[in-house]
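*Asks:* with the sequence up front, the predicted model follows.
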Amino acid sequence: MVDEHTLPSDLIVGANRRGNEYGWSISAFPAALEAARRLNYACLGGQFQFRWPAATAEMYWLAADSSDRVIGEDWETYRLRSLAEVGEGFQRLVEATDFQALASGWVSLKKEINSLPDLLSAVAFVAYFVTEEESLELLAKRAQTPVGLHSPTDKLPPKESSHG
């Protein structure tokens, strides 16, 4: 994910790619979490979007993220926890969100909204999966980045401070 923005084919079943981001349909995302479990990936989290051929409407406030990796937490524990946390958050949002009502709020996208027989076919969950190596790269990057300048994908443990 960090440099190539590619994921294994088993992980992207049911996803489409826009730029460097993969988005899964609501029905396909649970299988992606299961594939990530089998393939030794963690999930940093994700958010919902409406995706049409000519437009994307981000719902950044509808996010399901994993909590940060804690100091001393081994990779296996962290990655399984991250997958469970994102899966639970995703499911809560799917159950609680009226995507039709949200879509009607985008007046500028009325044409795209009305062009679909099923609005849910335009909903994608954009998620970020990482391997252990990629998570370590993000951790190193985070350790070198001034506080407050982290990207949303930098969901890794904070740099340990030495207080004496």
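*Replies:* In hand now; what should we look at?
*Asks:* going by C-alpha atoms from here, please, whenever you check contacts or count neighbours.
*Replies:* Will do.
*Asks:* just checking, what packs against the helix or strand that Asn16 is a member of?
*Replies:* Element membership for Asn16, per DSSP states H and E: strand 15-18. On a contact count with 3 or more CA pairs under 8 Å, 6 or more residues apart in numbering; DSSP states H and E, strand 15-18 meets strand 21-24.
*Asks:* mean confidence score for the strand it packs on?
*Replies:* For strand 21-24, mean pLDDT is 96.
*Asks:* quick one: contacts of it?
*Replies:* By CA atoms under 8 Å, 6 or more residues apart in numbering, the residues outside strand 21-24 that reach it are His5, Ile12, Gly14, Ala15, Asn16, Arg17, Ala124, Phe125, Val126, Ala127, Tyr128.
*Asks:* pick out the most distant pair among those residues.
*Replies:* Using CA to CA, the two most remote members of those are His5 and Ala124, lying 17.5 Å apart.
*Asks:* now the helices for the chain?
*Replies:* 29-38, 75-96, 99-104, 110-114, 132-144 (DSSP state H).
*Asks:* compute the inter-axis angle for the last one and helix 75-96.
*Replies:* Put plainly, it is helix 132-144. 90 degrees (axes from the mean of the first three to the mean of the last three CA atoms, to 10 degrees).
*Asks:* so how far is helix 132-144 off the chain centroid?
*Replies:* Distance of helix 132-144 from the chain centroid (CA atoms, centre = their mean, to the nearest Å) equals 17 Å.
*Asks:* and if you look at the shortest one?
*Replies:* Distance of helix 110-114 from the chain centroid (CA atoms, centre = their mean) equals 25 Å.
*Asks:* which strands or helices does it pack on?
*Replies:* helix 99-104.
*Asks:* run through who's touching the helix it packs on.
*Replies:* Here helix 99-104 makes contact (CA under 8 Å, 6+ apart) with Leu109, Lys110, Ile113, Leu119, Leu120.
*Asks:* may I see the buried residues of it?
*Replies:* Of all the residues in helix 99-104, those buried under the rule 16 or more other CA atoms under 10 Å are Ala103.
*Asks:* same deal with stretch 130-150?
*Replies:* Buried residues in stretch 130-150, counted by 16+ other CA under 10 Å: Val130, Thr131, Glu134, Ser135, Leu138, Leu139, Arg142, Ala143.
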